[in-house]
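Asks: I would like the atomic coordinates for the input below:
(2 chains)
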Amino acid sequence: MRLWKTVLAATAVALGCGTTALAARTDLVLGMVLEPPHLDPTAGAAAAIREVTYANIFEGLTRIGPNGEVLPDLAESWTISEDGKVYTFKLHTGVKFHDGTDFDASDVKFSLDRARAENSQNAQKQLFAAIDTVDVIDPATVKVTLKQPQGSFLYNMGWGDAVIVAPESAETNKEKPIGTGPFKFQNWAKGSSVTLVKSDNYWGAPVSLDKAEFRFIPDASAAVPAMLSGDVQAFPNMPTSDSLSQFQSDPRFKVVVGSTEGETILAMNNGKPPFDQIKVRQAISYALDRKAIIDGASEGLGQPIGSHMSPSSKDYVDLTGTYPHDAAKAKELLKEAGLEGGTKVTLKLPPPPYARLGGEIIASQLRDVGIEAEIIPVEWAQWLDQVFTKKDYDLTIVSHVEPNDIGIYARKDYYFNYQNPEFNKVIEELDLTADEGKRKELLGKAQKILADGAVVGFLFELPKVGVWDAKIEGLWQNQPVPANDLTRVKWND
Amino acid sequence: MTAYLLKRVAIAFATLVLASIVVFAVLEILPGDPARLMLGMNATAEQVEQVRTQMGLNDPLLLRYFHWVGNLVLLDFGRSYTYSVPVIDLVRERVAVSLPLALIALALSTLIAIPVGLHAASRQGRFGDTVSMGVSQIGVAIPNFWFALLLIYLFAVWLKWVPAGGFPGWSAGIWQALKALILPAVALALPQAAILARVTRQAMIEVLSEDYIRTARAKGMPYRAVLWRHALRNAMIPVLTILGLQFAFLLAGTIIIENVFYLPGLGRLIFQAITQRDLIVVESVVMLLVATVILVNLVVDFSYAMIDPRLRGRS
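Replies: Numbers count the residues shown, from 1 in each chain, chains lettered A, B, ... in the order given. Take a look at the predicted model:
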């Protein structure tokens, strides 16, 4: 009897080893904090939609790579006319949507026309604003004519909002997304998880995973045991940074710190006294101690910024020294601005930890120079309504996560209430420039204007903290666009 | 009896109407625009306005209220703004988690609490009473999310008997689904059991000091029989009241436990809908819950009448 047990156990062990040696794991459960409201990236702004669908289900003409570079996707190549206004895309052939329908140039025309239509629900409609016409030359060639040259056009076409959809399925993509990507949608258990499986008729390089489940875990304290128990094997945006050391010291896990495109700022209402005075804004900038804010609000992982540009961008200019932390200078400037007796302001804080934690620290730093900031916590919906839409605020903290979005300071009626014709001119020129060197120069100029004008308090670039099983390879370290690109992910046993 | 019941039903109906007005008004006052939330920070004001019109948010207030209530009466709960599916489908999926969870937790808590309460009452002031009431005091004091985390670390991370959270769906098999509900049910049941045990004990002690109990004992009835036949029946009214309240709480008030175990239940649906300003979902689901609570209270009222003949006679 005893012998039998030993033999059985030995066989089981041998079999177990045998199977793992033969084939690596091909399934993955990935944790996310927020559940997407639906799964159509062309009809909603929520980052969670892209974190499930980008590069996995849906593909665009171009795509953004792990380090923010523009790569060909459904368009295998393109030519740009002399005047920079006509883009001719050569498309991959033999591409099929997940429902079996063929992909060709007419789908490109349909998708781009739909996104820029009058009644479009696209959250980034401005990406398509420069397009004049889209013409089908033949099934594998499409010609896009712009109203004026646009330097960022190829980059824009790589956003999640610019993916190619089919007329047959466009209206039902919210519930049942149909794309051309390497994974197809299988199931969405609302409130729980979305499951994708490998698509059999994928045109591109085959993927290693057969099945991927995105599981929604809203509570930070639940994310840790979910990882520790092995239920979830990767958390690309881990919500708890205070438990990081626990994972760092555990050889079963990898902790990967990268950067996002999130410029975290202390926005000031430039249209409202006393923030309409540059001296007051400069004083606030001098009052901020970035090091302390970064330590408190991002576990010391965020990178300091001095203007509205990600330090990982090739166009980044280091302007963090424009207003170094100097409380005495801040007080002096306030005195010059006629606020020597101190002043009372409000500081509205949306829910993310960077805002709530950072807000406490900033309030105390402002108190040191005589500004009494009353903290008002708000939910996202309230923030969008009161601060963003109605501009009813003094100060607020928020991370602007859209990539290359320095142009927001040129927008009319934007919530900063900042108006500077000089800055607007730079951005206008930038929009029309395709030359890399010239763009770099203009972007540098734009950064400098914002930094010098102390338009907002520039704090830090939001870090991306990922935790995953040490045997997993191919997940992104940085987050140049919201995405969990699984195309190169595999288990390394 | 009939008059008593009719009065109860009329009160229930009036509560329902009042609740609909309050729910609608509160969500009207709440700042936040579902269209802006959907389109995010980069969309223009005109685009947001257009989506608002498509959603029907620009219709006059009263029109929207009567439209909503009118549809509710016809059992049409509307379509979710964010998910763009019928609200009733969302509710059906969530009830498939919340209702079994609530029932298991309620059964567990009743099975633990009533015997403990009876035991403690019959040994009032003695060792067994002191121990069980001491333990229940701890049960009342411990926050259930903390207790839940302890359970997760013990049974999911360390022993690996059950998953740390999530719900595979009933389609994954009854055993798999039940396994996912065991820990949350225990985490919910124990604090509830602690409260229920204390209420049971208190009610029993009061009843046991009544004259008719002494009379029953004096006529030679065995202690056990007195306890079960006379005392328990009379002690049931406060116990049933608490049970009714607990059921309502377990059905919708479990949002913290649902978050800790990331279960797709009703509580989380409402919470997500509030943060998304998916007003129609919040309104309709809250009304459904109000209706459920009112119904449970009606059942409790009726069962008072069944237990206590005096209430029947009052009409």
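Asks: and the helices in chain A, which stretches?
Replies: For chain A, applying DSSP state H gives helices covering A:2-22, A:47-53, A:105-116, A:153-156, A:220-228, A:244-248, A:278-287, A:290-298, A:327-336, A:353-368, A:380-382, A:421-431, A:436-452.
Asks: and for residue A:245, the neighbour number?
Replies: By other C-beta atoms under 10 Å in any protein chain shown, the residues close to residue A:245 number 11. From N, CA and C alone the C-beta is placed, and that goes for glycine too.
Asks: got a pLDDT number for the closest residue to residue B:42 other than its chain neighbours?
Replies: Nearest residue to residue B:42, sequence neighbours excluded (C-beta to C-beta, 6 or more residues apart in numbering or on different chains): residue A:124, at 5.3 Å. Predicted confidence (pLDDT) for residue A:124: 91.
Asks: for residue B:312, give me the pLDDT.
Replies: 64.
Asks: likewise for residue B:235?
Replies: At residue B:235, pLDDT is 86.
Asks: and what about residue B:119, helix, strand or coil?
Replies: When classified by DSSP: H, G, I helix; E, B strand; the rest coil, residue B:119 comes out as helix.
Asks: wouldn't it be in contact with residue B:130 here?
Replies: No. In this structure residue B:119 lies outside contact range of residue B:130 using C-beta atoms under 8 Å: 11.8 Å.
Asks: can you pull the contacts of residue 259?
Replies: All of this refers to chain A. A:303, A:310-312, A:461-464, A:478-479 (C-beta atoms under 8 Å, 6 or more residues apart in numbering or on different chains).
Asks: sorry, I should have been clearer: chain B.
Replies: A:218-219, A:222, B:145, B:268, B:271 are the contacts of residue B:259 under C-beta under 8 Å, 6+ apart.
Asks: would you mind giving those as TSV with distance to residue A:374 and neighbour count added?
Replies: Converted to TSV, the contacts of residue B:259 look like this (distance: C-beta to C-beta, whole Å; neighbours: other C-beta atoms under 10 Å in any protein chain shown):
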residue	distance to residue A:374	neighbour count
A:218	29	20
A:219	29	20
A:222	33	25
B:145	30	17
B:268	32	25
B:271	27	17
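Asks: between the residues you listed, which is nearest residue A:470?
Replies: residue A:222 (21.8 Å; C-beta to C-beta).
Asks: okay, the closest one and chain B: tell me how far apart.
Replies: As judged by C-beta to the nearest C-beta, to the nearest Å, residue A:222 and chain B stand 5 Å apart.
Asks: now the stretch 101-250 of chain A against chain B: closest residue?
Replies: Closest to chain B within the stretch 101-250 of chain A is residue A:191: 2.7 Å, counting by C-beta to the nearest C-beta.
Asks: per-residue pLDDT, residue B:103?
Replies: Reported pLDDT for residue B:103: 92.
Asks: that one belongs to a strand, doesn't it?
Replies: No. Residue B:103 is assigned helix when assessed by three-state DSSP, not a strand.
Asks: run a quick neighbour tally on it.
Replies: Neighbours of residue B:103 using other C-beta under 10 Å come to 14.
Asks: may I have the secondary structure class of residue B:177?
Replies: Secondary structure for residue B:177, judged by three-state DSSP, is helix.
Asks: go on, residue B:238?
Replies: Assignment for residue B:238 (three-state DSSP): helix.
Asks: wouldn't it be in contact with residue B:196 here?
Replies: No. Using C-beta under 8 Å as the test, residue B:238 is too far from residue B:196 to be in contact (10.1 Å).
Asks: neighbour-wise, which of the two wins?
Replies: A count of neighbours by other C-beta under 10 Å puts residue B:196 above the other of residue B:238 and residue B:196, at 25 against 15.
Asks: tell me how far the more buried one lies from residue B:99.
Replies: 20 Å (C-beta to C-beta, to the nearest Å).
Asks: same check, this time on residue A:467
Replies: Relative to residue B:99, and taking C-beta to C-beta, residue A:467 is found at 35 Å.
Asks: which of these two has more residues huddled nearby?
Replies: Neighbours were counted for residue A:467 and for residue B:99 using other C-beta under 10 Å; residue A:467 has more, 26 against 15.
Asks: check contacts around the more buried one.
Replies: A:227, A:234-235, A:238, A:244, A:247, A:253-256.
Asks: the more surrounded of residue B:119 and residue B:130?
Replies: Applying other C-beta under 10 Å to residue B:119 and residue B:130 shows that residue B:119 carries more neighbours, namely 16 against 13.
Asks: next one: the closest residue to the more buried one other than its chain neighbours, what pLDDT does it get?
Replies: In space, and not counting its chain neighbours, residue B:119 is closest to residue B:128: 6.1 Å by C-beta to C-beta, 6+ apart. At residue B:128, the pLDDT value in this model is 84.
Asks: check contacts around residue A:62.
Replies: Counted by C-beta under 8 Å, 6+ apart, residue A:62 has contacts A:70-73, A:75, A:154-155, A:157-158.
Asks: can I have the buried ones of the residues you listed as a PyMOL selection?
Replies: In PyMOL, this line selects whichever of those come out buried by 16 or more other C-beta atoms under 10 Å in any protein chain shown:
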select buried, chain A and resi 70+72+73+75+154+155+157+158
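Asks: so which of the contacts of residue A:62 sit within strands?
Replies: The strands, defined by DSSP state E, take in A:70-72, A:75 from the contacts of residue A:62.
Asks: and those residues, which is closest to chain B?
Replies: residue A:70 (19.7 Å).
Asks: contacting residues for that closest one?
Replies: Applying C-beta under 8 Å, 6+ apart to residue A:70 gives the contacts A:62-64, A:154-155, A:158.
Asks: what do you get for residue B:157?
Replies: A:225, A:228-229, B:164.
Asks: which two among those are spaced furthest apart?
Replies: Greatest spatial distance in these: A:228 and B:164, 7.7 Å, computed using C-beta to C-beta.
Asks: ok, these two, which is more surrounded?
Replies: residue B:164 (28 against 21).
Asks: in stretch A:254-269, what counts as buried?
Replies: A:254-256, A:258-269.
Asks: pick the one among those residues closest to residue A:52.
Replies: Taking C-beta to C-beta as the measure, residue A:260 is the one of the buried residues of stretch A:254-269 closest to residue A:52, at 17.3 Å.
Asks: for the closest residue to the closest one other than its chain neighbours, which residues are in contact?
Replies: Of all residues not flanking residue A:260 in the chain, residue A:479 sits nearest, at 4.3 Å (C-beta to C-beta, 6+ apart). By C-beta under 8 Å, 6+ apart, the contact list for residue A:479 reads A:237, A:258-261, A:464.
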